[in-house]
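Peer 1: Provided below are the primary sequence and the corresponding predicted coordinates.
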Amino acid sequence: MDNDQALIKFSETNNPIYLYDVAPESINILLENAPTAIAKYKNVNRSKAVKINNRKKEEIYLQRSLDIMDILSESIPIVGSVNCGNFNPLDNIKNSCYLDSVSMALFAVPNDYITNAMFLTELTATKKPVYMCSDNKNDDLKYRKSVQKELAKIALSFQGKSTLSVQNCTNLRSALEKCPGFKKHAKYHKGYQEDAGEYLEYILNMFPHMNNVLLTIQSQLVEDLYKQLGNDQFVTIGYLLNTIYKKNEFTMDYFVVDIRRNNDPSNSFNLIPLRIFPTERFTADNGNIYNLTAIVAWTKNNKENSGHYTAYIKCGLAWFHYDDDANMKIRKIGEYNTLLAGGHENSPNIISNSTIFFYKKL
């Protein structure tokens, strides 16, 4: 599809995914002349295009297009193939491992569902998220768009597709400072150790179309299962999901399972060592099939009262381990069986240490 066809298709459907077919070298020209360029292509094949009956609607249409392209202006595309040997990981800065690992799991490998729900779907003041950045709807929209843009930059940088390499999460934390959410979320811009699952919940719930993605396995159930099974037996993700959730709930294209391993409010580093087998391909009771795409794991630092998050991501047929505090931040693990066997000498055991699992529908 050439540039003209891509822009005509965008005008006909109002679906921004077609902007990805515009050649990267044309983006700057399109950005500089966005209002007139979009108006031109909007008028092509007008019988099929979305009708605009007054000036106000046209202004809204053009502004939406500008907002979309503002996000995409770093580079195009964000959807499609990625060079698995060309990841550009974030560096750890002031206990950012929980934030960096979650970002890597979400964005390192292009995912059309996340791209559409978090980057391409228009954020509006009328469709409220679960977590708002401000009681003032206009300020809330502005601050959430700022977070959205920083996440998009990180995604493009991870994938090695941006001319601007993002080295760490400093700019994202600056954007998060204006989005306190509930009281427990008012700290993610600071350099404290935080729970990766709670942070993930906070980020996803800024985006209305991601509100139903996160499935949480509460710590009481994890503790009860551990008392039954001990250290010698394990439970599968598939068992947990099919036991807790009704089969008609698995209609989504993408979901994340957050295992709450801590049941001790007085000690956040005392995790329940329940052995959880990370089902590579999960089949829901309704027949939908999901592939495991990423894992976030936590290990305790025995020398001090602290811990560290890392991530596993699947790119192509191989698994990779990401540690934002290591000299070699990305290490290839290999196939799934190698991952189960322990990965490399410094990678955490995914059966006893994993806390978050990411799944995409086939």
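Peer 2: That came in fine, so what should we check first?

Peer 1: and the closest residue to K187 other than its chain neighbours, what is it in contact with?
Peer 2: Nearest-residue entry for K187: E194, 6.8 Å, with adjacent residues in sequence omitted and distances by Cβ to Cβ, 6 or more residues apart in numbering. Where C-beta positions appear, they are placed from N, C-alpha and C, glycine not excepted. Each residue near E194 by Cβ atoms under 8 Å, 6 or more residues apart in numbering is listed here: N95, Y98, L99, K187, Y188.

Peer 1: please apply the same query to F158.
Peer 2: Per Cβ under 8 Å, 6+ apart, neighbours of F158: F87, N88, P89, L90, S103, M104, F107, A108.

Peer 1: now do I154
Peer 2: L90, S103, F107, V166, C169, L172.

Peer 1: and it, what are its phi and psi?
Peer 2: phi -60, psi -40 (degrees, to the nearest 10).

Peer 1: after the longest strand seen in the chain, which helix or strand is next?
Peer 2: The residue-count maximum for a strand in the chain (DSSP state E) belongs to strand 289-301. Helices and strands here follow DSSP states H and E; after strand 289-301, the next one along the chain is strand 306-315.

Peer 1: which residues are in contact with that next one?
Peer 2: By Cβ under 8 Å, 6+ apart, the residues outside strand 306-315 that reach it are 82, 84, 87, 97-98, 100-102, 104-105, 108-109, 193, 196, 269, 291-301, 319-325, 333, 339, 343, 347-348, 350, 355.

Peer 1: and if you look at stretch 165-182?
Peer 2: 88, 90-93, 96, 99-100, 103, 131-134, 143-144, 146-147, 149-151, 153-154, 157, 185-186, 188-190, 202, 205-206.

Peer 1: confidence score at the residue nearest to S103 when sequence neighbours are not counted?
Peer 2: Nearest residue to S103 in three dimensions, chain neighbours excluded: I154, at 5.5 Å (Cβ to Cβ, 6+ apart). Looking at I154, its pLDDT stands at 90.

Peer 1: same thing with V130?
Peer 2: pLDDT, read off for V130, is 72.

Peer 1: leaving out sequence neighbours, find the closest residue to it.
Peer 2: Using Cβ to Cβ, 6+ apart, the nearest residue to V130 is N205, at 3.7 Å.

Peer 1: what about the one you found, distance to Y143?
Peer 2: Look at N205 and Y143: by Cβ to Cβ, to the nearest Å, they are 14 Å apart.

Peer 1: related to what we said a few turns ago, can you say which of the contacts of E194 are buried?
Peer 2: N95, Y98, L99, Y188 (16 or more other Cβ atoms under 10 Å).

Peer 1: so the third one touches L200, yeah?
Peer 2: In this case it means L99. No: assessed by Cβ atoms under 8 Å, L99 is found out of contact with L200, at 9.5 Å.

Peer 1: so which residues of the stretch 101-250 of the chain form helices?
Peer 2: 112-114, 137-158, 170-176, 196-204, 219-229, 237-244 (DSSP state H, counting those that start in this stretch).

Peer 1: so which of those helices is nearest R275?
Peer 2: For the helices of the stretch 101-250 of the chain, the distance to R275 is smallest for helix 219-229, at 7.3 Å, taking Cβ to Cβ.

Peer 1: so that closest one versus helix 237-244, what angle?
Peer 2: Angle of helix 219-229 versus helix 237-244, following axes from the mean of the first three to the mean of the last three Cα atoms, to 10 degrees, is 120 degrees.

Peer 1: list the contacts of helix 219-229.
Peer 2: V235, I244, I259, R260, R261, N262, N263, I272, P273, L274, R275.

Peer 1: so what touches stretch 131-147?
Peer 2: 67, 123-125, 128-129, 172, 175-176, 178-182, 185, 202-203, 205-207.

Peer 1: out of the contacts of I154, who's the most crowded?
Peer 2: Ranked by neighbour count (other Cβ atoms under 10 Å), the contacts of I154 have S103 at the top, with 27 neighbours.

Peer 1: now do the contacts for that residue.
Peer 2: L90, L151, I154, A155, F158, C169.

Peer 1: neighbours of the second one, how many?
Peer 2: L151 has 22 neighbouring residues, counting by other Cβ under 10 Å.

Peer 1: likewise T124?
Peer 2: Other residues near T124 come to 12 when the count uses other Cβ under 10 Å.

Peer 1: which residues touch the residue nearest to L106 when sequence neighbours are not counted?
Peer 2: Of all residues not flanking L106 in the chain, I114 sits nearest, at 6.1 Å (Cβ to Cβ, 6+ apart). Taking Cβ under 8 Å, 6+ apart, we find I114 in contact with L106, F107, Y254.

Peer 1: bridged to the last one, which residues?
Peer 2: So that's Y254. K360 (DSSP bridges).

Peer 1: that one contacts T115, correct?
Peer 2: No: using Cβ under 8 Å, Y254 is not in contact with T115, being 10.7 Å away.

Peer 1: compare the two (neighbour count), which wins?
Peer 2: Each of Y254 and T115 has its neighbours counted (other Cβ under 10 Å); T115 has more, 21 against 18.

Peer 1: how confident was the prediction at S73?
Peer 2: So, for S73, pLDDT stands at 45.

Peer 1: swap in the one 3 residues further on?
Peer 2: The score at I76 is 35. That number is its pLDDT.

Peer 1: one more: K40?
Peer 2: pLDDT, K40: 52.

Peer 1: and if you look at S347?
Peer 2: Model confidence at S347 (pLDDT) stands at 75.

Peer 1: in a strand, it, correct?
Peer 2: No: looking at S347 with DSSP: H, G, I helix; E, B strand; the rest coil, it is coil, so not inside a strand.
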